[in-house]
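Asks: Just the structure for this:
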Amino acid sequence: MTKQDFKKRMEQGILILDGATGSNLLKAGMPKGVCTEQWIADHPKPLMELQKAYVEAGSDIIYAPTFLANPISLAGHGLEAETARLNETLVGISKEAAQGRALVAGDLTTTGKLMEPLGEMSYEALYDAYREQISCLVRSGVDLLVAETMMAADETMVILDAAASLCDLPVLCSLTMEADGSLFFGGNIYEAAEILEAAGADAVGLNCSVGPDQLEAVIAGIRERVSIPVMAKPNAGMPKITETGEAVYSMNASDFGLHMKALAKAGACILGGCCGTDPAYIRALKEAVAS
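Replies: Okay, here's the model as predicted:
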């Protein structure tokens with residue numbers, strides 16, 4: 001899919017994303033603290049079943065589980081030399097799950113390290129790391145790229161630069177933030193959205209963060225500031241942590257769907273779910289916006 005193809009697709013109406021991956025894999029038996037990407041490569045069945053269920057529920061796009069499969073993040077598990085193998089394996093699993101019924105996005109995220117001058121991570125080091133991962137994703141045949149759970153505009157711009165040097169795939173950018181729109185590494189979602197559109201993003205918005213019931217004003221504010229599609233992939237409300245350390249989210253699938261319909265009315269046209277959601281939430285979302 002080229003950037004022009006993506007623009008034409010958006011003229012047809014709302015795109016539905018998938019829901020959570022990590023929280024559902026934990027329920028399926030993935031141990032806490034492991035390298036998620038390596039675990040999925042070794043145990044593909046739970047991810048395959050989950051993504052097939054998302055497609056059945058109505059997802060137009062599923063995210064390949066390449067979230068932290070960049071060499072900087074993989075180095076924390078001693079797996080930086082496995083960057084190509086992991087990205088190619090994980091994209092292959094998602095493409096098999098999609099069976100051509102949904103687009104497969106190559107998923108990228110923050111390294112969690114502040115960029116210079118606020119931190120020690122240089123532009124060059126990030127650029128090289130993201131370029132290595134994106135080259136693997138392109139070679140594996142993803143339909144588009146998603147930079148998600150980003151904490152600041154500057155690191156997201158590095159992803160846009162790296163992608164532009166390699167391909168013409170659409171790049172969707174979503175940041176995580178506080179309920180008031182402030183970003184965790186400084187600045188706010190509104191300024192970031194404008195900056196990222198100018199840098200070449202094909203869509204911009206938010207994911208994770210809070211529940212959709214707290215985001216109507218934020219989505220409307222982003223919509224006022226950009227001309228590209230706005231995306232929303234929030235959590236299933238706010239979590240409560242149990243005595244065993246499990247996060248239990250407060251919003252059921254039906255309510256999630258209704259609140260996501262409100263976000264669509266506020267200006268979001270690429271919609272999905274993050275932490276605490278599962279295929280039932282995506283089905284409720286699909287039905288709510290269709291009505």
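Asks: so residue 105, which of the three states?
Replies: When classified by DSSP: H, G, I helix; E, B strand; the rest coil, residue 105 comes out as strand.
Asks: Now it: closest residue in space that isn't a chain neighbour?
Replies: Spatial nearest neighbour of residue 105, chain neighbours left out: residue 146 (4.5 Å); criterion: C-beta to C-beta, 6 or more residues apart in numbering. Where C-beta positions appear, they are placed from N, C-alpha and C, glycine not excepted.
Asks: all helices in this structure, in order from the N-terminus.
Replies: Along the chain, the stretches classed as helices by DSSP state H are 3-10, 22-27, 36-42, 44-57, 71-74, 83-98, 123-140, 153-164, 189-198, 216-225, 253-266, 279-290.
Asks: still on that earlier bit, show me what the residue nearest to residue 105 bridges to in the sheet.
Replies: On the basis of DSSP bridges, residue 146 is bridged to residue 107, residue 172.
Asks: I'd like to know how far it sits from residue 191.
Replies: According to C-beta to C-beta, to the nearest Å, residue 146 and residue 191 sit 21 Å apart.
Asks: How much space separates residue 84 from residue 2?
Replies: Counting by C-beta to C-beta, the separation of residue 84 from residue 2 is 24 Å.
Asks: of the two, who's got more company?
Replies: residue 84 (16 against 12; other C-beta atoms under 10 Å).
Asks: Return the residues in contact with the more buried one.
Replies: residue 136 (C-beta atoms under 8 Å, 6 or more residues apart in numbering).
Asks: What score does it have for pLDDT?
Replies: pLDDT recorded at residue 84 is 98.
Asks: Give me the distance between it and residue 70.
Replies: 12 Å.
Asks: And for residue 277?
Replies: 25 Å.
Asks: With just CA atoms, put stretch 220-230 into PDB.
Replies: Backbone C-alpha positions of stretch 220-230 (Å, rounded to 0.1, in the frame of the first residue of the first chain) are rendered in PDB as follows:
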ATOM      1  CA  ALA A 220     -11.800  17.200  18.700                       C
ATOM      2  CA  GLY A 221      -8.700  19.300  19.500                       C
ATOM      3  CA  ILE A 222      -6.400  17.200  17.300                       C
ATOM      4  CA  ARG A 223      -9.000  17.200  14.500                       C
ATOM      5  CA  GLU A 224      -9.000  21.100  14.500                       C
ATOM      6  CA  ARG A 225      -5.300  21.200  14.100                       C
ATOM      7  CA  VAL A 226      -4.500  18.700  11.300                       C
ATOM      8  CA  SER A 227      -5.800  17.800   7.900                       C
ATOM      9  CA  ILE A 228      -4.700  14.100   7.900                       C
ATOM     10  CA  PRO A 229      -6.800  11.300   9.500                       C
ATOM     11  CA  VAL A 230      -7.000  11.200  13.300                       C
END
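Asks: List the buried residues of that stretch.
Replies: 221-223, 226, 228-230 (16 or more other C-beta atoms under 10 Å).
Asks: Tell me the one of those nearest residue 44?
Replies: Lowest distance from residue 44 to those (C-beta to C-beta) belongs to residue 229, with 31.2 Å.
Asks: lowest average confidence, helix or strand, in the chain?
Replies: Sorting the helices and strands of the chain by mean pLDDT, DSSP states H and E puts strand 239-241 at the bottom, at a mean of 84.
Asks: returning to what we had before: who has more neighbours, residue 146 and residue 191?
Replies: Neighbour tally, residue 146 and residue 191, criterion other C-beta under 10 Å: the higher count belongs to residue 146, 28 against 14.
Asks: so what's the more buried one scoring on pLDDT?
Replies: Residue 146 is given a pLDDT of 98.
Asks: sorry, back to before: now, which of the buried residues of stretch 220-230 sits nearest residue 48?
Replies: Nearest to residue 48 among these, with distances taken as C-beta to C-beta, is residue 229, at 28.7 Å.
Asks: shouldn't that closest one be in contact with residue 271?
Replies: No - Residue 229 is beyond contact range of residue 271, at 10.5 Å (criterion: C-beta atoms under 8 Å).
Asks: so what sits against both of those two?
Replies: residue 15.
Asks: Kindly provide the distance from the residue nearest to residue 105 to residue 246.
Replies: 27 Å.
Asks: again, but for residue 252
Replies: On the measure of C-beta to C-beta, residue 252 and residue 246 end up 17 Å apart.
Asks: The nearest residue to residue 283 once chain neighbours are set aside: neighbour count?
Replies: Leaving aside its sequence neighbours, residue 283 sits nearest to residue 57 (C-beta to C-beta, 6+ apart; 4.1 Å). Residues within reach of residue 57, counting by other C-beta under 10 Å, total 20.
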